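Undergrad: Give the three-dimensional model of this entry:
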Amino acid sequence: MSDENHAEERHIGASPARISSPELRHEMARAAIWIAMVGLTVLAVYISQSLLVIFGALVFASMIDGGARLLGRVWHIGRSWRVAVVLVSAVVFLVWLASFAGSQISREAAQLPTIVEDQARVFFNWLREQGFAVELNQLQGLIGQAMSGFGTVTRALGGILGGLTSLLLVMIIGVYLVIEPRLYERGVAWMLPRGRRKDFHITANRMAYTMRRLMFGRIVGMVVEGIFTYVMLVGYGAVTGDPIPMPALLAILTGLLAFIPNIGAVISGVLMVLVGFSGGTEMGLYTIFVYFLVQNIDGYFVIPMIAKKTVDLAPALVLAMQLIMGILFGILGLFLADPLLAMIKVALERRSEQNDAEDARLDAEAQARAEAEAALRVAQEGADA
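TA: This next block holds a predicted model:
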């Protein structure tokens, strides 16, 4: 039957789609690889927002996993129970924040645009008194742009807190990941060649460790900045009898924006100083003092002790990554720029280690061959003698 089939194929002739030239087949294979790479790149760009949500779920899972590991040092119970305790504690905190502090924060948030606008007018009037030519229509346009910018920030923060769809997806995927992380790690490793699975597990473990340390540092910094800012702002009113407006809102914004290095500190500082000068020069100078004190404590004590020595990201590189991610993906990309940069750094460091090990192996093999050849020459010279 096989001979009959071969005879029939010879009778019919070669397929018109068959490429007989080996060189042409090789070039076609290379072209197919490049086309596939371009297609995958286009697909990644098309689904980039979904990929960013998945990465956000990984960040959320690392935060929960870090909390469970930290809890395991003082409470020796099963990991599932520790994960449940961390999740319940987070939900309880959010419920408390919404129920007890929500009304006060909403009232203060309604006053913030008016205060910012009034302070902008005072600043531009001072510029006119100093001799700068600032017309009224220009002033209104600049104020409108400034308020639009602050409105974008507040809407972005509100979108993060109230964007239920993306936030819910991040939380659900993150919970699944943190419950059984090894299951998904083994699934990804299964798709790799057998020889590269060990390297993948090493890289994944280092990424997870770095992510946990980075997120722990961010959370501690957020809590420290928020609480310290609130205490300092409320303490001013308790001492002088002239309370600073909206201390709770400023403290929460300072804490939330502390998650974004560099940019977050600038935004929270500008808002704090504008609100402070609404109560007078003395109050404004005090808010400047509070801002620098909070940033110095967080930058020189909290972050170095927890995350900076572990992750060690260059500030200029972080800022560039934030700008790129912010332009491409908005506020979500801005929030995830720092963790993504840390993961890229870990992957590049692991790749560098692999290259060094490969170079060392090749050097050892070359040295062994050279020694063997030298020994062979010595033996031949001895035999000739």
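Undergrad: what's the offset of the biggest helix by length in the chain from the middle of its chain?
TA: Scanning the chain for the helix with the most residues, using DSSP state H, yields helix 315-384. From the chain centre to the centre of helix 315-384 is a distance of 23 Å (CA atoms, centre = their mean, to the nearest Å).
Undergrad: Then stretch 69-81?
TA: 26 Å.
Undergrad: residues making contact with that stretch?
TA: Outside stretch 69-81, the residues within contact range by CB atoms under 8 Å, 6 or more residues apart in numbering are 68, 82, 85-86, 179, 212, 216. For glycine as for every other residue, the C-beta is placed from the backbone atoms N, C-alpha and C.
Undergrad: which of those residues count as buried?
TA: Using 16 or more other CB atoms under 10 Å as the burial test, those include 68, 82, 86, 212, 216 as buried.
Undergrad: in what helix or strand does the first one lie?
TA: The one in question is A68. A68 is part of helix 48-72 when elements are defined by DSSP states H and E.
Undergrad: pLDDT of the longest helix of the chain, averaged?
TA: Taken as a whole, helix 315-384 has a mean pLDDT of 83.
Undergrad: what about A204, helix or strand, and which?
TA: helix 197-240.
Undergrad: quick one: that helix to helix 315-384, angle?
TA: Angular relation of helix 197-240 and helix 315-384 on a 0 to 180 degree scale: 150 degrees, by axes from the mean of the first three to the mean of the last three CA atoms, to 10 degrees.
Undergrad: list the helices and strands helix 197-240 packs on?
TA: Counting contacts by 3 or more CB pairs under 8 Å, 6 or more residues apart in numbering; DSSP states H and E, helix 197-240 is packed against helix 48-72, helix 181-190, helix 247-257, helix 281-297, helix 309-311, helix 315-384.
Undergrad: just the angle between the third one and helix 197-240, please?
TA: What that stands for is helix 247-257. 160 degrees.
Undergrad: Quick one: mean pLDDT over the helix or strand following helix 247-257.
TA: Downstream of helix 247-257, the next assigned helix or strand under DSSP H and E is helix 263-277. Per-residue pLDDT values over helix 263-277 give a mean of 79.
Undergrad: Only C-alpha atoms, please: export helix 263-277 in CSV.
TA: Once non-C-alpha atoms are left out, helix 263-277 reads as follows in CSV (Å, rounded to 0.1, in the frame of the first residue of the first chain):
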residue,chain,number,x,y,z
ILE,A,263,6.5,62.6,41.5
GLY,A,264,4.1,61.7,44.4
ALA,A,265,6.1,63.7,46.9
VAL,A,266,6.1,66.8,44.7
ILE,A,267,2.4,66.7,44.2
SER,A,268,1.5,66.1,47.8
GLY,A,269,4.0,68.9,48.9
VAL,A,270,2.5,71.4,46.5
LEU,A,271,-1.0,70.7,47.7
MET,A,272,0.1,70.9,51.4
VAL,A,273,1.9,74.2,50.9
LEU,A,274,-1.0,75.8,49.0
VAL,A,275,-3.5,74.8,51.7
GLY,A,276,-1.0,76.1,54.3
PHE,A,277,-0.7,79.5,52.8
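Undergrad: residue ranges for the helices of the stretch 51-200 of the chain, please.
TA: For the stretch 51-200 of the chain, the helices defined by DSSP state H, counting those that start in this stretch occupy 79-99, 102-129, 136-162, 164-179, 181-190, 197-240.
Undergrad: Name the residues of the first one that come out as buried.
TA: For helix 79-99, a neighbour-count test (16+ other CB under 10 Å) marks 82-83, 86-87 as buried.
Undergrad: got the angle for the helix holding A204 vs helix 281-297?
TA: Helix 197-240 runs at 150 degrees relative to helix 281-297, counting by the same axes, to 10 degrees.
Undergrad: which residues of the stretch 101-250 of the chain score low on pLDDT?
TA: 101-120, 122-124, 126-164 (pLDDT under 70).
Undergrad: Let's see that with 50 instead.
TA: 146-163 (pLDDT under 50).
Undergrad: rewinding a little: using CSV, lay out the contacts of stretch 69-81 together with distance to P193.
TA: CSV is the format used below for these (distance: CB to CB, whole Å):
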residue, distance to P193
A68, 32
R82, 35
V85, 40
V86, 36
I179, 28
R212, 28
F216, 34
